[in-house]
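Participant: After the sequence you'll find the predicted model.
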Amino acid sequence: MTQPPKVAVLGSINMDLVCTTEHRPEPGETVLGTGFTMVPGGKGANQAIAARRSGATVQFLGALGRDLFAPRLREVLTDSGVDAARLRSLPGASGVASIVVEAGGENTIIVTPGANGQFRELDADDLAAVADADILLCQLEIPVETVAAAARHARAHGTVVLLNPSPVRELPAELWGDIEVAVVNSGEARRLGAALAAVPHVITTRGADGAAYRGPDEEVHVPSPKVRVVDTTGAGDAFTGALAAAWQRGPERALAWACAAGALAATQLGASASIPDAAAIAGLLGNTNAEATGRY
Ligand code: RIB
């Protein structure tokens, strides 16, 4: 039995304010909603929970504000078994995401970063967690300089850097040089273009069409299991966190695992609330071996 991978997730944590509606409003239009829910989210927290539910040992590096949302946001990580000792508390508001989910499951999201945007310093304990991890998993809802500093430290200590460059933006060339694995959707792949060419392992998610892998020696396409879509919010995060947990199994098996995680996440409303555990993923894959149940 091999050890579960150690994943350090550096990223955002938000309170998601989710309105469901038949169709989203056009500019200047008011529409009636069909429901409202408040659920913890943030790409970093969602991916941390996804990696944990897929069997990895996970440490979260992030920032909360000092507001009503903060205790619930911390709790969702600890309740999921994510180590939140490196989750600092900064003055001001926590991150908030305003999300509109249409009847077909598509969403639009506005993120107000709050404390995530103030997370600019990594201390010695953060850097030790990065150096100790097998994989550093990052997104772009915190300042790029923080991601770049962590990635540099990770690479210097033999920790694999996996970047999900979302929300997409231009990145410094030095940061690209530290990335070993990138997970992008089709739109991000188009936007990033040539920058991705230098990344050794690139995974492109294609929603219901599954995901494609391009590595130094092979290309692989894995279809997604068919599911009834309720809400796609957090499906990419479920994919990415599950992929990080399964990366050591090799691209083809890791992609199949991640596609199943993403598909299951789309069947329920709410980002962190919809992230499947290893048993559910294994069930969807029809896989009964010990590895697929998250027991390593
Ligand atoms: O990827 C989904 C996430 O994006 C939401 O949970 C929201 O908080 C935003 O960060």
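Facilitator: Great, that's in hand. Numbering: from 1, shown residues only.
Participant: Neighbours of Asn14, how many?
Facilitator: 32 (other CB atoms under 10 Å). The C-beta positions use only the backbone N, C-alpha and C, and glycine is treated the same way.
Participant: Beta-bridge partners for the closest residue to the ligand within the stretch 51-200 of the chain, please?
Facilitator: Per CB to the nearest ligand atom, Ala97 is where the stretch 51-200 of the chain lies closest to the ligand, at 3.4 Å. Note on Ala97: beta-bridge partners by DSSP bridges are Asp16, Val111.
Participant: Surely it and Val39 touch.
Facilitator: No: contact between Ala97 and Val39 fails when scored by CB atoms under 8 Å: they sit 9.8 Å apart.
Participant: Which residues are in contact with each of those two?
Facilitator: Residues touching both Ala97 and Val39 (CB atoms under 8 Å, 6 or more residues apart in numbering): Met15, Asp16.
Participant: show me what contacts the residue of the stretch 51-200 of the chain closest to the ligand?
Facilitator: Asn14, Met15, Asp16, Leu17, Gly41, Gly42, Ile109, Ile110, Val111, Thr112.
Participant: distance of it from Ala271?
Facilitator: 8 Å (CB to CB, to the nearest Å).
Participant: measure Lys226 to the ligand for me?
Facilitator: 22 Å (CB to the nearest ligand atom, to the nearest Å).
Participant: Can you give me the neighbour number for the residue nearest to Glu106 when sequence neighbours are not counted?
Facilitator: Computed as CB to CB, 6 or more residues apart in numbering, the closest residue to Glu106 that is not its neighbour in sequence is Thr232, at 6.3 Å. Thr232 is flanked by 20 other residues according to other CB under 10 Å.
Participant: can you check Lys6 too?
Facilitator: Neighbours of Lys6 (other CB under 10 Å): 17.
Participant: Look up the residues forming beta bridges with it.
Facilitator: Assigned bridge partners for Lys6, using DSSP bridges, are Thr57.
Participant: residue contacts, it?
Facilitator: Ala56, Thr57, Val58, Gln59, Asp132, Ala133, Asp134, Ile135.
Participant: Tell me the spacing between Ser22 and the ligand.
Facilitator: One correction, residue 22 is Glu, not Ser. From Glu22 to the ligand the distance is 21 Å (CB to the nearest ligand atom).
Participant: so that residue sits right up against Val31, yeah?
Facilitator: Yes: in terms of CB under 8 Å, Glu22 counts as a neighbour of Val31; the distance is 7.3 Å.
Participant: Please work out how many residues are found near the residue of the stretch 1-150 of the chain found nearest the ligand.
Facilitator: Across the stretch 1-150 of the chain, no residue is closer to the ligand than Gly41, which sits at 2.4 Å (CB to the nearest ligand atom). Neighbours of Gly41 under the rule other CB under 10 Å: 31.
Participant: So it is in contact with Asn14, correct?
Facilitator: Yes: between Gly41 and Asn14 there is a contact under CB under 8 Å: 5.1 Å.
Participant: For the protein, which residues are neighbours of the ligand?
Facilitator: Counting by CB under 6 Å from any ligand atom, the residues of the chain close to the ligand are 12, 14, 16, 41-43, 46, 97, 109, 111, 141, 233-234, 236-237, 271.
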